[in-house]
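**Q** sequence below, structure please.
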Amino acid sequence: MTALQEGYGVSLYIRGQETDRIQTLKEYALQADVEIKYLDNELAYKHKARNILLAAAAPKSVNLLSWLRNVPDSVQVVILDRIQDPYNVGAIVRSAVFFSFDLVILSQKQSAKVSNAVIYASSGAAYHIPVMSVGNLLQTIHLLKQYQFCVYGTDVEGTPLQECRIDKRYAVIIGNEQSGIRSQVRQTCDSFLSIQATTRMTSLNASVAAGIFFYALHNKTI
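**A** Down below sits the predicted model:
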């Protein structure tokens, strides 16, 4: 539904009983001038759909240099370094939107692509924030720093969140599910943040940890 509301819908495929949900989707589609078609068995099987399938355009991206030239003094960026599970990427994007981040940057190599799975896991949040993939993450981080971004890495050995002072213009890096942030990327970080564990567990799922970092950072910068 988010893709329809935000103007990304191309075609809406439906079949079966006219439920309230289908009627609402049809109304959105008509308002957005989106073509409504019948969902046949072949298409439903191919896309693992039941009664509803939406063909939608990809989420928006940005030209980073143009974007940087027009950002306000207070701006927050998420950088994902080799997050490989699309459901983690989607969940992180959803949390980024919830906590008012402005941009999500993905490394192209060894990372999940912006796909249907990512959009689904984000519950449509990928249509509410620019999400861009970059071939050279190190170069991208250096460009952010040229525009006075403070770059925070996340690491179990970092400074506990509650002890940190956060700049208004910053980027926070979430590393790979298993190995964390690459050594070359770590060298670009101005400092490292951590979540203090209260049990014997020393780590969290990447998307869960990201949500906690975003919540704490949001509260420190509002």
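**Q** how is this protein divided into domains?
**A** 2-56, 64-221 (automatic domain parsing).
**Q** okay, buried residues for the longest strand along the chain please.
**A** Assignment by DSSP state E gives strand 150-160 as the longest strand of the chain. Buried residues in strand 150-160, counted by 16 or more other Cβ atoms under 10 Å: Cys150, Val151, Tyr152, Gly153, Thr154, Asp155, Gly158. Yep, even glycine has a C-beta here, placed from its N, CA and C like the rest.
**Q** identify the farthest-apart pair in those residues.
**A** Across these, the longest distance by Cβ to Cβ is 15.7 Å; it joins Cys150 and Asp155.
**Q** least reliable of the domains of the chain by average pLDDT, please.
**A** Comparing mean pLDDT over the domains of the chain, the weakest stretch is domain 2-56, at a mean of 86.
**Q** can you give me the end-to-end span of that domain?
**A** 10 Å (Cα to Cα, to the nearest Å).
**Q** could you check how far that domain is from the centre of its chain?
**A** 24 Å (Cα atoms, centre = their mean, to the nearest Å).
**Q** how close does the residue lying closest to Phe214 once chain neighbours are set aside sit to Pro160?
**A** For Phe214, ignoring the flanking residues on the chain, the nearest one in space by Cβ to Cβ, 6 or more residues apart in numbering is Phe99 at 4.1 Å. Distance from Phe99 to Pro160, counting by Cβ to Cβ, to the nearest Å: 19 Å.
**Q** same question, Ser61
**A** 34 Å.
**Q** still on that earlier bit, between the buried residues of strand 150-160, which sits nearest Asn51?
**A** The nearest member of the buried residues of strand 150-160 to Asn51, counting by Cβ to Cβ, is Thr154 at 41.0 Å.
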